[in-house]
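>>> Sharing a model that was predicted from the sequence below.
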Amino acid sequence: MVVRRQQKIILRREDHIGEALGIAFLEMAGGDNDAMLARVGEYLGPKAKILRADISRDLIEVQIESRGWHDEAQRLAVAAAELYQKGAKRNATAMFREALELDPFNAQVLRQVGMALLGDKQYSDALANLRRAREAGDESVELLLAMARCASELARKSTMVVYLKRVLEIDPKNFSARRALRTLERKERAPASPAVPPRTLRSRP
């Protein structure tokens, strides 16, 4: 059954550095709220009606209204995840897309899509869906670790560090996050290999 519902979407500047939506935070700093809201609306898509937006330096909290088939989307996503685990990736991907069409702001569906794409090493698309899941309300340790892995694979080290530190705020004893940060610190402290002077080749007489 189609349901009209309101929910809060939290857009974080740290998630959109170097991307089109990141410009919205610059426009906000310049006082151009209309341009900022236009970019947010473009990012969220036509299925989201923006009711209000609370703006701060690093966050844009948007209250939206949307229509979706919540229960149907959940069932499709569960079935798609089962298909994916059985190796039917093409059918699973099609079902995931259908689930998102039915309910594009469903955090659980977005997370399942992102995790499936991560398992298939589609890191850019995986990060985009996991980020949307976070924006829709899922900020679990598992989700943040998956986002950190995507950022690592995409060579976005500073973004990865942000996610790992957020994991430690939620779970200070998390071994995976601590190990990843220690590995980064060791790499940064390691001395650079000395440059090898070029060899001069001489022809034999």
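All right, it came through fine.
>>> Not counting sequence-adjacent ones, nearest residue to Glu61?
Asp54 (4.4 Å; CB to CB, 6 or more residues apart in numbering). C-betas here are computed from N, CA, C, even on glycine.
>>> Tell me the predicted confidence for the one you found.
Among the per-residue scores, Asp54 holds a pLDDT of 87.
>>> Need the three-state assignment for it.
strand (DSSP: H, G, I helix; E, B strand; the rest coil).
>>> Against Asp15, how distant is it?
17 Å (CB to CB, to the nearest Å).
>>> Comparing these two, which residue is more hemmed in?
Ranked by neighbour count (other CB atoms under 10 Å), Asp54 and Asp15 place Asp15 first, with 21 against 11.
>>> which residues does that one contact?
Applying CB atoms under 8 Å, 6 or more residues apart in numbering, we find Asp15 in contact with 131, 134-135, 159.
>>> Please look at the residue nearest to Glu61 and Leu37 and confirm they touch.
No - assessed by CB atoms under 8 Å, Asp54 is found out of contact with Leu37, at 11.9 Å.
>>> just checking, Leu102 touches Gln74?
No - judged on CB under 8 Å, Leu102 makes no contact with Gln74 at a distance of 9.2 Å.
>>> So those two - more neighbours on which side?
Using other CB under 10 Å, the more surrounded residue of Leu102 and Gln74 is Leu102, with 20 against 17.
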